[in-house]
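Undergrad: Fold the stuff below for me.
(one chain, ligands or ions: 2)
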Amino acid sequence: MAKVLVVTSGKGGVGKTTTTAALGAALAKAGQNVVLVDFDVGLRNLDLVMGAERRVVFDLINVIQGDANLAQALIKDKRVDTLSLLPASQTRDKDALTPEGVAKVIADLSKKFDWVICDSPAGIERGAQMAMHHADMAVIVTNPEVSSVRDSDRIIGMLDSTTEKAKAGEKIEKFLLITRYDPQRAARGDMLGTDDVLEILSIPLLGIIPESPDVLKASNVGAPVTIAEPESAPARAYTEAARRLMGEKVAVTVPAERKGLFDWLFKRRVA
Ligand SMILES: Nc1ncnc2c1ncn2[C@@H]1O[C@H](COP(=O)(O)OP(=O)(O)OP(=O)(O)O)[C@@H](O)[C@H]1O
Ligand SMILES: [Mg+2]
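TA: Ligands and ions are numbered 1, 2, ... in the order given. Alright, predicted model coming up:
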């Protein structure tokens with residue numbers, strides 16, 4: 001039986017799609033059978049980040065409406081053969097995402113894969129609720145800034161109240177992923193520190209992903225950063241986060257250039 005994982009945030013543009021692709025690819029590279037499901041009906045970004053936009057024929061809503069079966073709609077990654085994508089539709093009505101339809105698709109995918117990773121749209125409305133509804137686990141993507149932390153707090157509340165697990169009196173496993181972290185800006189006080197974010201949200205930390213041009217570089221060539229730039233700082237942080245998801249104990253480090261880290265330590269000491 002698969003683990004159903006939702007990547008969610010509330011706030012838009014914090015790195016959910018980047019994270020879905022990078023974590024999914026890292027898990028697949030570790031030999032796990034992974035499917036990424038794009039719930040962002042109307043925007044459909046995950047296929048672009050995965051470099052699969054020209055291969056989309058059928059999508060999640062086609063499958064829900066019975067116009068295509070899963071085998072027709074799933075796109076197998078050409079680089080990692082244990083990685084697949086179920087794309088979202090760009091044009092269709094969001095109301096076509098029915099609770100029964102989503103439940104069936106998730107149940108069917110759960111029989112075929114080890115991980116079903118749902119990329120949530122921004123916001124707290126229908127699409128985001130559908131993406132989280134069947135989750136066993138949630139990765140809450142948060143940028144170290146007040147508005148993102150506040151939205152993450154709301155999403156944590158929803159994960160604990162509106163989902164299938166919550167309604168059955170069970171808990172979703174929740175993990176915090178801090179993304180777009182810039183140690184220099186944090187040291188200057190332009191950004192919240194990781195300690196502040198952790199204290200406010202108080203859920204276990206899955207990882208800290210640094211702000212890095214390698215992320216954009218990878219998405220421009222249509223590849224998750226863990227495939228395109230596996231030795232880069234963000235890819236290493238995502239790969240370690242994937243190992244933690246698989247239950248390995250790996251210490252979380254604050255990403256920094258060596259010089260930056262010394263700066264940071266020094267400033268902390270003199271502050
Ligand atoms: N660690 C990072 N370093 C630099 N840029 C990043 C990083 N993570 C994400 N980005 C950039 O931030 C932008 C938003 O990322 P992404 O699309 O993954 O966010 P999202 O949460 O899925 O957005 P939406 O809410 O619209 O779905 C993209 O341009 C992406 O390349
Ligand atoms: Mg997105």
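
Undergrad: For this protein, what lies in contact range of ligand 1?
TA: 9, 12-18, 40, 45, 121-122, 179-180, 209, 211-212, 215-216, 219, 234 (C-beta under 6 Å from any ligand atom). From N, CA and C alone the C-beta is placed, and that goes for glycine too.

Undergrad: Now list the buried members of these.
TA: Those of the residues of the chain next to ligand 1 that meet the buried threshold are 9, 14-18, 40, 45, 121-122, 179-180, 209, 211-212, 215, 219, 234, by 16 or more other C-beta atoms under 10 Å.

Undergrad: Give me the buried positions along stretch 183-196.
TA: The neighbour-count check on stretch 183-196 (16+ other C-beta under 10 Å) flags 183, 184, 186, 187, 191, 192, 193, 194 as buried.

Undergrad: As a check, name the ranges of all strands in the stretch 51-200 of the chain.
TA: Chain-ordered strands for the stretch 51-200 of the chain, with DSSP state E, counting those that start in this stretch as the definition, fall at 75-76, 83-86, 115-119, 137-142, 173-181.

Undergrad: contacts for the fourth one?
TA: By C-beta atoms under 8 Å, 6 or more residues apart in numbering, the list of residues contacting strand 137-142 from outside reads 3-9, 14-16, 19, 23, 132, 148-149, 152, 155-156, 159, 172-179, 197, 201, 203, 206, 245.

Undergrad: Tell me if that strand is near ligand 2.
TA: No - judged by C-beta under 5 Å from the ion, strand 137-142 and ligand 2 are separated, with a smallest distance of 9.5 Å.

Undergrad: quick one, that strand and strand 173-181 angle?
TA: What separates the directions of strand 137-142 and strand 173-181 is an angle of 30 degrees, with axes from the mean of the first three to the mean of the last three C-alpha atoms, to 10 degrees.

Undergrad: Sweet, I'm off.
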